[in-house]
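Participant: here is my input; please provide its structure:
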Amino acid sequence: MKSFTQEKGFTLIELLVVIAIIGILVAVIFVALDPATRFGQARDAVRQNDVQEILSAVKLYQVDNGGDHLASIAGLTAGSVYMAVNGATMAAGCDDNNTACTTAVTADTSCVDIAGLVTGGYMDSMPVSPAGVVTWDDGSASGNEGSGYTISVDSNGIVTVRSCENEQTTTEITASR
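Facilitator: Numbers count the residues shown, from 1 in each chain. Prediction:
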């Protein structure tokens, strides 16, 4: 006489049901975390940090030099907006990003070379805005015509640094002092 022993284990159907439930949970969590939004927020945080870094370097230079601005900034026309660049070789093409900047850079020669802040030790390197949303008018990626940051000085000497891009914030990324 044969005796039947019952073996313990999961059936194929039970395993498939568990895998399906885990798959649904992973999909729900992935959607809830919304990685695209999180990456956009991270890039905006980098932009905010870069804006503050450039402005702090400009002001620190001014303090260290008896109130005088870096020569390239001192010559800015009050009220005009300039693309901050690192190096004089980018002397043209700074208005190629008019659709990107909330406050447009209006002239091909509107670059302001702030490389002196890097060589003077006020910044480690020139920040370049992380590519996220913006493509310049000429179709190139962010940063080819400049840093992605603008700088302006008003008639009262207040320096404003802006980011040409923002993804998740509803207001312009800017800092003034």
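
Participant: what's the weakest-modelled helix or strand in this structure?
Facilitator: Least confident helix or strand, the chain: strand 82-85 with a mean of 79, by mean pLDDT, DSSP states H and E.

Participant: for His69, helix, strand, or coil?
Facilitator: coil (DSSP: H, G, I helix; E, B strand; the rest coil).

Participant: roughly how far does it sit from Asn156?
Facilitator: His69 sits 13 Å away from Asn156, going by CB to CB, to the nearest Å. The way it works is simple: take the backbone N, C-alpha and C, and place the C-beta from them, glycine included.

Participant: these two: which has the busier surroundings?
Facilitator: His69 (17 against 6; other CB atoms under 10 Å).

Participant: next up, the contacts around the nearest residue to Gln62 once chain neighbours are set aside.
Facilitator: Counting by CB to CB, 6 or more residues apart in numbering, His69 is the residue found nearest to Gln62 once chain neighbours are left out, at 5.6 Å. Contacts for His69 were tallied using CB atoms under 8 Å, 6 or more residues apart in numbering; they are 58, 61-62, 153, 159.

Participant: closest to Tyr122 out of the residues you listed?
Facilitator: Of all the contacts of His69, Tyr61 has the smallest distance to Tyr122: 5.3 Å, by CB to CB.

Participant: show me what contacts that closest one?
Facilitator: 69-70, 116-117, 120, 122 are the contacts of Tyr61 under CB under 8 Å, 6+ apart.

Participant: recalculate using a threshold of 6 Å.
Facilitator: For Tyr61, the contacting residues are 70, 122, by CB atoms under 6 Å, 6 or more residues apart in numbering.
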